[in-house]
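Q: Sequence plus the predicted model coming up.
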Amino acid sequence: GQQVMQIPQYQHVQEGEDFTTYCNSSTTLSNIQWYKQRPGGHPVFLIQLVKSGEVKKQKRLTFQFGEAKKNSSLHITATQTTDVGTYFCAGPSSGGSNYKLTFGKGTLLTVNP
Amino acid sequence: DAGVIQSPRHEVTEMGQEVTLRCKPISGHNSLFWYRQTMMRGLELLIYFNNNVPIDDSGMPEDRFSAKMPNASFSTLKIQPSEPRDSAVYFCASSTGYEQYFGPGTRLTVT
């Protein structure tokens, strides 16, 4: 079945350092979504990418969708303690509707102040 | 808007007992999803409904799990009988399109 892999599993940085998490799908995706889950919280939608090669920015966060639409990345510039949490990518499950998502295992980001 | 509401927030029960988790989706959302999250398996989709109809329940682990959505504003996930391996955080999410809005989750512990 479809797999969505994320690396790294964990990342610890000093406040002010940059952070990047990568997402790879075993199948071509029609779109990819990113969610953030704070410790003890619930996943919160960040963004959706649809077009091949698309790049979107939200303040210090930059999201990219690969040309082949099988990979994506999230880059955070100059991390802050408020960035702590687990970042998940998710894509529509193959063979299912676009509403059924397969989530990666996530990257847990911790930031040392 | 109050967001997705789940109850209870925490549930501790003994093995063999019936557990019922409840969810109220955001008003106007026509899709509802039940997820289970564990350290080992991550976030897994159990079942999803569209317009109150179950569309895909292929993620439901076994017959001990059942889900219903009697109307657009209420859904339940029932585990009967519960087992220790069912211990997890169960999230309900609702949507009108691609973006899913998650509830706060129910942390279930089965002893």
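A: Yes, it's here.
Q: What pLDDT is listed against the residue nearest to the spatial centre of chain B?
A: Most central in chain B under Cα atoms, centre = their mean is B:W34, positioned 3.6 Å from the mean C-alpha point. Model confidence at B:W34, expressed as pLDDT, equals 97.
Q: give me the element it is part of.
A: Under the criterion of DSSP states H and E, B:W34 resides in strand B:31-38.
Q: what's downstream of that strand, the next helix or strand?
A: Assigned by DSSP H and E, the successor of strand B:31-38 is strand B:42-50.
Q: can you list contacts of that next one?
A: Contact with strand B:42-50 is made by A:43, A:88, A:93, A:99-106, B:30-38, B:54-57, B:59-61, B:65, B:67, B:69, B:75, B:77, B:91, as judged by Cβ atoms under 8 Å, 6 or more residues apart in numbering or on different chains. For glycine as for every other residue, the C-beta is placed from the backbone atoms N, C-alpha and C.
Q: Listing partners with orientation, what would you give for it?
A: Strands flanking strand B:42-50 in the sheet, each with its direction: strand B:31-38 (antiparallel), strand B:53-56 (antiparallel) (DSSP bridges).
Q: Which helix or strand lies directly C-terminal to the shortest one?
A: I take that to be strand B:53-56. Using DSSP H and E, the helix or strand that follows strand B:53-56 towards the C-terminus is strand B:65-71.
Q: thought the residue nearest to the centre of chain B was touching B:T76?
A: No. Distance between B:W34 and B:T76: 9.4 Å, which falls outside the contact criterion (Cβ atoms under 8 Å).
Q: Which neighbours do the two have in common?
A: Shared between the contact lists of B:W34 and B:T76 (criterion: Cβ under 8 Å, 6+ apart) are residues B:23, B:67.
Q: Excluding sequence neighbours, find me the nearest residue to the residue nearest to the centre of chain B.
A: Nearest in space to B:W34, with sequence neighbours left out and distances taken as Cβ to Cβ, 6 or more residues apart in numbering or on different chains, is B:L46 at 4.4 Å.
Q: what's the burial count for that neighbour?
A: The local packing count at B:L46 equals 20, with neighbours defined by other Cβ atoms under 10 Å in any protein chain shown.
Q: Good, wrapping up.
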